[in-house]
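A.B. asks: Pasting the sequence and the predicted coordinates here, then a few questions.
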Amino acid sequence: MVDSTNLWDVVIRTLITSGSATIIAGVIGLGCAMFLANVDWKVKPILRGVTQALYGLPPVVVGVAVYIALSKDGVFGSLNWLFTIQGMIIAQTLLIFPLVLGISWSALERVSSEKREVFKVMNASRKQRFFLEMYCARRGITNAILLGFGRAIAEVGAVMMVGGNIAEKTRVLTTSVVLETSVGQLDAALLLGLVLLIISLLTAFGLQFIQYIRFFEQESFGSEDVREHSFDDFVVKWENMSVVKDGKTIIKDCSFELSNNEIVALMGESGSGKSTLLRTFVGLEGNSTIPTDDVAYVSQNPVLVMDTVAMELELSSNLHDDLPNSGEYFASLCGFEEKGGQRTDSLSGGEVQRLAFLRALTMNRKILVLDEATSELDGKSVGQIEQLIVQFKNRGGGVVFATHNPFQAERLADRILYIHDGEFIDGNHEIAQQIRRGERIG
C-alpha cells in the first residue's frame, strides 16, 4: 500500500513510465504520420481505418501480448523485462501509438498542399519541410500527445499484467488505486485518484499553454543589409512542356525562352492554361527543366505560411544561410513597417498578395514568376508592385507574369505571349486580338 513516505516514489515512477511511453510513441508516431501525410498510396484509406479502429485497443489484449512476448519462453524473454518498468513502458507505448499516429496524421494532412508548394518553391530541405509542416500542424500534434499521455497515465490493465504491481518496483498510481480499493481503503484510493487527476490536469494545461503561447512569433523585422546585386546575363529555355490531368491535356508541348532584363506578359482566357503553365515553369507541374533555385514564384491565390508578418519576411533567410534577414527593408517597400507583429491570418486579401510578393523578392532569385500578382490590389498598391517589378528587371532579372489586364501588359511587358487551349497562339490570331482589346476575360 501507498503512504506518505513512498507517495513521491510512486508518482515519479508513474511519470517515468507514462512519460517515456508518450515520448517513444510520439517520436515514432510523428515520423510515420509525416510519411503517410506526404505519400499518395491507394491503401491509405485502409491504413487510416485500421489506425482509427485501434484507438479503442483493449489494454488487456496489449497486456497479454506483451506478457507472452516478455515471458521466459517468449520472443523477448532473454531481456528479462517482465515485471519491470521497461515492460510497462512497452505496453503503454503499444497502447497509445495508434492514437498519436492517427491524430497527428490527420493534423499533418490538413497542412494545405499550397503551403507544401511554398516550401518546395523556396527550396526548403527535407528536414526543414518536416519542421515547417510540424509547425503548421502543431496544435493537432499537441492534442495527439496530450491524448496519448492521458490514456497512458490512466491505464491500469496492461501495466498490472506486465508490471505485476510490485511495491517499490513497478507500482504506479493507477495500480495503487486498485490495490487500495481491493483492501477497502477507499479514502486512500480517492486521494491517490485525486493526485492522478492533478497530474493529468497540470499536463493538459501545460501542453495547452505551449499550444497557444506566442513565444515562437517574431514581431520585429530583421535589419541586416539587403544584398540586391545585379544578375549576370542569362537565357533560360523551357522546352516541350506538357501537362496532362485526368486524361485531359492542359498544356500542349509549349516552349518558351526568357532572358535577363526582360519582362514577358502571359495573357489568355480563363481556363486557357495560364496558371498551369506558370506552375510548370517553377516545377510544380509537368516537366520543367529549369533549376528551382533560380526561380521565385507568387501564385494566383497566394498562401502565407508563418504566423506574423515579420516571420513571413524572414522565412527565406531562415531557410538559406546565404540570404540576409532584411525584413525591415522589404517591409518598407509596401508599407508593412508597423505591422511586424500582426498575425498573417488577420491580413486583408490585398495585404496577403503584397506580402507574398515581398516574400518572393527576399529569395533574391534571378527569375520572378507572378500569377495575377496584382488582382486584389488598389491602384496605389498596383503602382508599387509594378515599380518593384521594373526595378527587378533593371537589376538584370527576368519576369514572367500572367494578367487579365491588357493595359498592364502593355505598360510593363517587353513582349506579350498569348495562350489558348493550352497552346501559344500568334499575336495576330483573332482570339489574341480580342484579348488585347479587352473583349475576353483573361
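C.D. replies: Alright, I've got the coordinates. Everything numeric in this text was worked out from a predicted model, so none of it was measured.

A.B. asks: Go through the chain and flag its longest helix.
C.D. replies: Longest helix in the chain, counting residues (DSSP state H): helix 7-37.

A.B. asks: Quick check: mean pLDDT of that helix?
C.D. replies: The average of the pLDDT scores along helix 7-37 is 94.

A.B. asks: Which elements pack onto it?
C.D. replies: Contact here means 3 or more C-beta pairs under 8 Å, 6 or more residues apart in numbering; DSSP states H and E; on that basis helix 7-37 packs against helix 85-109, helix 126-136, helix 138-154, helix 173-182, helix 186-212. Yep, even glycine has a C-beta here, placed from its N, CA and C like the rest.

A.B. asks: Pick the most buried one from those.
C.D. replies: helix 85-109 (a mean of 24; mean count of other C-beta atoms under 10 Å).

A.B. asks: Contact partners for the closest residue to His320 other than its chain neighbours?
C.D. replies: Nearest residue to His320, sequence neighbours excluded (C-beta to C-beta, 6 or more residues apart in numbering): Asn123, at 7.3 Å. With contact set as C-beta atoms under 8 Å, 6 or more residues apart in numbering, Asn123 has these partners: 292-293, 319-320.

A.B. asks: Apply 10 Å and report the result again.
C.D. replies: Shown in contact with Asn123 (C-beta atoms under 10 Å, 6 or more residues apart in numbering): 291-293, 295, 316, 319-320, 363, 365.

A.B. asks: Could you list which of the residues you listed belong to strands?
C.D. replies: Val295 (DSSP state E).

A.B. asks: ok, so of the contacts of Asn123, who is nearest Ser326?
C.D. replies: Ser316 (9.3 Å; C-beta to C-beta).

A.B. asks: what about the residue lying closest to the closest one once chain neighbours are set aside, how many neighbours?
C.D. replies: Residue nearest to Ser316 in three dimensions, not counting chain neighbours: Thr362, with 4.2 Å by C-beta to C-beta, 6+ apart. By other C-beta atoms under 10 Å, 25 other residues sit near Thr362.

A.B. asks: Can you tell me how far Thr362 is from Ile28?
C.D. replies: Using C-beta to C-beta, to the nearest Å, we find Thr362 at a distance of 36 Å from Ile28.

A.B. asks: wouldn't Phe76 be in contact with Val66 here?
C.D. replies: Yes: here Phe76 reaches Val66: they are 9.0 Å apart, a contact under C-beta atoms under 10 Å.

A.B. asks: ok, the two, which is more surrounded?
C.D. replies: Val66 (26 against 15).

A.B. asks: Which residue, other than its chain neighbours, is closest to that one?
C.D. replies: Per C-beta to C-beta, 6+ apart, closest to Val66 is Ala91, 4.5 Å.

A.B. asks: do the same with Asp371
C.D. replies: Closest to Asp371 by C-beta to C-beta, 6+ apart is Gln300, at 4.2 Å.

A.B. asks: Enumerate every residue touching that neighbour.
C.D. replies: 274-275, 278-279, 353, 370-373, 375, 402 are the contacts of Gln300 under C-beta under 10 Å, 6+ apart.

A.B. asks: and if you look at Asn165?
C.D. replies: So Asn165 contacts 83, 156, 159, 171-172, 174-176, 178-179 (C-beta under 10 Å, 6+ apart).

A.B. asks: Relative to Ser200, which of the residues you listed is nearest.
C.D. replies: Nearest to Ser200 out of the contacts of Asn165 is Thr174 (C-beta to C-beta; 11.2 Å).

A.B. asks: Kindly provide the distance from the closest one to Asp371.
C.D. replies: Between Thr174 and Asp371 the distance is 57 Å, computed by C-beta to C-beta.

A.B. asks: Likewise for Met311?
C.D. replies: The gap separating Met311 from Asp371 is 24 Å, by C-beta to C-beta.

A.B. asks: Likewise for Ile166?
C.D. replies: With C-beta to C-beta as the criterion, Ile166 and Asp371 are 66 Å apart.

A.B. asks: In three-state terms, label the closest residue to Thr175 other than its chain neighbours for me.
C.D. replies: Nearest non-adjacent residue to Thr175, counting by C-beta to C-beta, 6+ apart: Asn165, 4.2 Å away. Secondary structure, DSSP: H, G, I helix; E, B strand; the rest coil: Asn165 is coil.

A.B. asks: Give me the distance between Asn165 and Gly193.
C.D. replies: In this view, Asn165 and Gly193 are 16 Å apart by C-beta to C-beta.

A.B. asks: which residues are in contact with the helix or strand Trp238 falls within?
C.D. replies: Applying DSSP states H and E as the criterion places Trp238 in strand 235-245. Residues outside strand 235-245 that contact it (C-beta under 10 Å, 6+ apart): 249-260, 262, 273, 276-277, 279-281, 285-291, 294-295, 366-367, 398, 400, 422.

A.B. asks: Filter the residues you listed down to the ones in strands?
C.D. replies: With strands defined by DSSP E, the entries of the contacts of strand 235-245 inside them are 249-259, 262, 295, 367, 398, 400.

A.B. asks: before we move on, the earlier item: among the contacts of Asn123, which one lies nearest to Leu70?
C.D. replies: Taking C-beta to C-beta as the measure, Leu70 lies nearest Leu319 of the contacts of Asn123, at 45.6 Å.

A.B. asks: Let me know how buried that closest one is, in neighbour terms.
C.D. replies: Neighbours of Leu319 (other C-beta under 10 Å): 17.

A.B. asks: OK, contacts around it?
C.D. replies: 119, 122-125, 128-129, 132, 363.

A.B. asks: which stretches of this structure have low pLDDT?
C.D. replies: Within the chain, the segments meeting pLDDT under 70 span 1-5, 210-218, 287-291, 440-442.

A.B. asks: care to break it down by domain?
C.D. replies: With domains defined by automatic domain parsing, the chain comprises 7-212, 235-436.

A.B. asks: and the last one, how far out from the chain's middle?
C.D. replies: When you say that, I think you mean domain 235-436. Relative to its parent chain, domain 235-436 has a centroid offset of 22 Å by C-alpha atoms, centre = their mean, to the nearest Å.

A.B. asks: Let me have the contacts of Leu319 in JSON lines, adding distance to Ile141 as columns.
C.D. replies: As requested, the contacts of Leu319 are exported to JSON lines (distance: C-beta to C-beta, whole Å):
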{"residue": "Phe119", "distance to Ile141": "17"}
{"residue": "Met122", "distance to Ile141": "22"}
{"residue": "Asn123", "distance to Ile141": "25"}
{"residue": "Ala124", "distance to Ile141": "19"}
{"residue": "Ser125", "distance to Ile141": "20"}
{"residue": "Gln128", "distance to Ile141": "17"}
{"residue": "Arg129", "distance to Ile141": "15"}
{"residue": "Leu132", "distance to Ile141": "13"}
{"residue": "Met363", "distance to Ile141": "28"}
